[in-house]
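# Okay, sequence plus prediction incoming.
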Amino acid sequence: MNLQDRIINNFSDSIQAQQEALSYLPEHIEYAALNIVSALLNDKKILTFGNGRSATSAQLFSLAMLNQFERDRPSLPAINLASDVATITAIANDYQYDDILSKQLRALGQSGDILMIYTDGNNSSNIAKAIALAHDKEITIIAVTGNEGGLISPLLRETDIEIRVNLNSSIRIQETHVLITHCLCDLIDHQIFG
């Protein structure tokens, strides 16, 4: 297979994965957007997090909220808990890696906020620990997940929202997470700013 054939296969696989996701995700994305807008209109904030490549999806969401998505508009309160390397490495060094999210969430999260988690593997113990803390603090969770939900899905409550991309390929899950993030940003802007 030549290089251009590989490129064509990558595009085709991505398009197919996103079309499959289109068949079951719109209702979940809409519900998540409605919850985010409700929190924002009630002067709450969105806290985002992801490990590894999923951290980039969390960053994409928070920067679109703080700056802009497709148009100039006022900033919306979102904090990416995966972006401060000094804080993350300090917590991991002084405590343990499992605490990098929950320690920040304990300090910054308040009742009514939303914790938006991105994960393609769904078996991260640091995320599992943070979910328990978020529930204790009455923080709603929006989990943008993949595969079969791993250990994260069973930890979610009925009041939480899971947007699960039912694929096995981490790369295709990540690509779909970016599209989900773009959809959420568009719906948020549309609802708040018309």
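Yep, it's here.

# residues contacting E20?
Remark: with contacts taken as CB atoms under 8 Å, 6 or more residues apart in numbering, E20 is in contact with N166, L167. C-beta: built from backbone N, CA, C; applies to glycine.

# What score does it have for pLDDT?
In this model, E20 is scored at 95, pLDDT.

# can you give me the helices for the protein?
3-22, 26-41, 53-66, 85-94, 102-108, 125-136, 170-193 (DSSP state H).

# Identify each buried residue in the shortest one, please.
Neighbour counts using 16 or more other CB atoms under 10 Å place S102, K103, Q104, L105 of helix 102-108 among the buried residues.

# Report the contact partners of H177.
If you count contacts by CB under 8 Å, 6+ apart, then H177 has S54, S57, Y118, D120, V144, G146, V165 around it.

# on that earlier part again, need the buried residues of helix 102-108 in TSV (columns: pLDDT and distance to Y95).
Listed next are the buried residues of helix 102-108 as TSV, based on pLDDT from 0 to 100; distance: CB to CB, whole Å:
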residue	pLDDT	distance to Y95
S102	96	10
K103	96	7
Q104	96	12
L105	97	14
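
# Now flag whichever of those is closest to Q18.
Nearest to Q18 among the buried residues of helix 102-108: L105, at 30.9 Å, using CB to CB.

# still on that earlier bit, tell me which of the contacts of H177 has the lowest pLDDT.
For the contacts of H177, the pLDDT minimum is D120, 88.

# give me phi/psi at that residue?
Per-residue torsions, D120: phi -100, psi -30 (degrees, to the nearest 10).

# counting residues per strand, which one in the protein is longest?
strand 140-146 (DSSP state E).

# Is there a neighbour count for L133? I'd like the number.
16 (other CB atoms under 10 Å).

# ok, now R164?
20.

# one step back: report the backbone C-alpha coordinates of the longest strand of the chain in PDB.
C-alpha atoms of strand 140-146 as PDB (Å, rounded to 0.1, in the frame of the first residue of the first chain):
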ATOM      1  CA  THR A 140     -22.300  16.900  37.800                       C
ATOM      2  CA  ILE A 141     -20.100  14.800  35.600                       C
ATOM      3  CA  ILE A 142     -20.100  14.800  31.900                       C
ATOM      4  CA  ALA A 143     -17.900  11.800  30.800                       C
ATOM      5  CA  VAL A 144     -16.900  11.800  27.200                       C
ATOM      6  CA  THR A 145     -15.700   8.200  26.900                       C
ATOM      7  CA  GLY A 146     -15.000   5.500  24.400                       C
END
